[in-house]
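*Asks:* when you get a sec, could you give me coordinates for this:
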Amino acid sequence: MKFLLTFSTLTVLLATASAFTAAPARRTVKSISPTSLYSTVEASPFIQGPRIIRDDLPIVYVYDHCPFCVRVRLALGVKNVKHNVVFLQNDDIPTPTKLIGKKIAPIFSIPEDDFIMGESLDIIAKIDSDERFGTTAQILPATSRTDIKAWQKSVQSLLRTIQRPRYVATGLLPEFQQIEGRHAFIKNHQLPPYEKPEWKGDGTDENPGMAMEEKLDLYAAAMAKDPTPLLEDLNAKLIELDGIIFSEHYCSEGGVSMDDIDLWSRLRSITITKDVVWPEKLGKYIHNFSVLGDVPTYSDMAL
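*Replies:* Coordinates of the predicted model:
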């Protein structure tokens, strides 16, 4: 798909979901067999508890693309807690502000307690310590592994370059159903190599930030560019990660932990990118947690 790098053109394209969403054929996970540190490990899958259905279902307010929001959805799914998901529009400031005093997500509500809170890690701690939501302490604490954190840091710029334009270009994510939501995301999320102060400014006359027209052009250029070199780098990094996760059922030895809650929530975002080659163990890991957590991937809308 080709893009003319003008403000008016991108505005029209972003306003028309069909311009971005030629339905991809359903694809199976591609597999390769790299040498893995844990390639011979036999690990048992997580045993999910009985379905928990409260009379008043808990509610989680989220953005679909937000990994911190996905953390909470995944934790609720792992614990098999039925809940309502409310997708906020990306430019909606009044709704979260009325709920919790500012524009943030995720927001978690327990209607039967008139209880509401923010911050994903605090929410998960609440869920996993409340007997009404099943056996407590089902999700193990985070380990002190630095290799996974180092890997995440090593791909940060690469993933921002690939994923951010695709989030808004699909026209299908709930928070980007209207053009104002898409433009709000573009306005506030820089593309590499730009840094946040250069992109957003600091509210002063000396540093007003980049003009919106230029931001739209940069997003359009990112989508128009041949992704092959970026995909080659990403595929190589996924082979690296495949070698350091413990098994297809959990990334660290011992069982499902907060390591998985964080890692999978970030890896899910990669599935919005077409033609990624998932190594065998990592591909199974992505699938297994999608099923366990009842959180779909983006594979069928990938660009």
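
*Asks:* for the nearest residue to I270 once chain neighbours are set aside, grab the count of nearby residues.
*Replies:* Distances taken as CB to CB, 6 or more residues apart in numbering place V276 nearest to I270, at 6.0 Å, with adjacent residues excluded. Heads up, the C-betas are built off the backbone N, CA and C, glycines and all. Using other CB atoms under 10 Å, V276 has 19 other residues around it.

*Asks:* which residues touch V276?
*Replies:* Shown in contact with V276 (CB atoms under 8 Å, 6 or more residues apart in numbering): 231, 234-235, 238, 270, 302.

*Asks:* could you give the average pLDDT over stretch 185-197?
*Replies:* Confidence for stretch 185-197, expressed as mean pLDDT, is 97.

*Asks:* ok so, going back, give me the buried entries from the contacts of V276.
*Replies:* In the contacts of V276, burial by neighbour count holds for 231, 234-235, 238, 270, 302, counting by 16 or more other CB atoms under 10 Å.

*Asks:* how about the residues you listed in TSV, adding secondary structure, pLDDT and distance to P141?
*Replies:* Output for the buried ones among the contacts of V276, formatted as TSV (DSSP: H, G, I helix; E, B strand; the rest coil; pLDDT from 0 to 100; distance: CB to CB, whole Å):
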residue	secondary structure	pLDDT	distance to P141
L231	helix	98	35
L234	helix	98	30
N235	helix	98	32
L238	helix	98	26
I270	helix	98	25
A302	coil	96	33
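
*Asks:* quick one: which of these is nearest M117?
*Replies:* I270 (28.9 Å; CB to CB).

*Asks:* quick one: contacts for the closest one?
*Replies:* 159, 162-163, 234, 238, 276.

*Asks:* so how far is D233 from it?
*Replies:* Distance of I270 to D233, computed by CB to CB, to the nearest Å: 12 Å.

*Asks:* where in the protein is pLDDT low?
*Replies:* Flagging of the chain using pLDDT under 70 yields the residue ranges 1-41.

*Asks:* domains of it?
*Replies:* Annotated domains of the chain cover 59-133, 146-301 [the TED database].

*Asks:* would you reformat the ones you listed as JSON lines and include distance to P50?
*Replies:* Listed next are the domains of the chain as JSON lines, based on distance: least, CB to CB, whole Å:
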{"stretch": "domain 59-133", "distance to P50": "7"}
{"stretch": "domain 146-301", "distance to P50": "15"}
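
*Asks:* which of the ones you listed sits closest to S44?
*Replies:* With respect to S44, and counting by CB to CB, the nearest of these is domain 146-301 at 6.9 Å.

*Asks:* isn't L238 right up against P279?
*Replies:* Yes: here L238 lies in contact with P279, judged by CB atoms under 8 Å, at a distance of 5.8 Å.

*Asks:* OK, contacts around E198?
*Replies:* E198 is in contact with 190, 209-210, counting by CB under 8 Å, 6+ apart.

*Asks:* what helix or strand does it sit in?
*Replies:* For E198, the element it lies in under DSSP states H and E is helix 196-200.

*Asks:* now the element after that helix, going C-ward?
*Replies:* helix 212-224.

*Asks:* helices and strands around that next one, which ones?
*Replies:* Using 3 or more CB pairs under 8 Å, 6 or more residues apart in numbering; DSSP states H and E, the elements in contact with helix 212-224 are helix 7-15, helix 156-169, helix 179-188.

*Asks:* quick one: contacts of the very next helix or strand once past the first one?
*Replies:* So the one you mean is helix 7-15. Going down the chain from helix 7-15, the next helix or strand is strand 59-62, by DSSP H and E. Applying CB under 8 Å, 6+ apart, the external contacts of strand 59-62 come out as 69-70, 72-73, 76, 83-88, 95-96, 99, 105-109, 111, 123.

*Asks:* tell me the buried residues within those.
*Replies:* Neighbour-count burial (16+ other CB under 10 Å) applied to the contacts of strand 59-62 gives 69-70, 72-73, 76, 83, 85-88, 96, 99, 105-109, 123.

*Asks:* one step back: from the buried ones among the contacts of V276, which is closest to P174?
*Replies:* A302 (16.9 Å).

*Asks:* confirm for me that that closest one is in contact with W278.
*Replies:* No: A302 is beyond contact range of W278, at 11.9 Å (criterion: CB under 8 Å).

*Asks:* what's the closest of the contacts of V276 to Q178?
*Replies:* Closest to Q178, out of all of the contacts of V276 and judged by CB to CB, is A302, at 22.2 Å.

*Asks:* number of residues surrounding E131?
*Replies:* Each residue near E131 was counted by other CB under 10 Å, and the total is 7.
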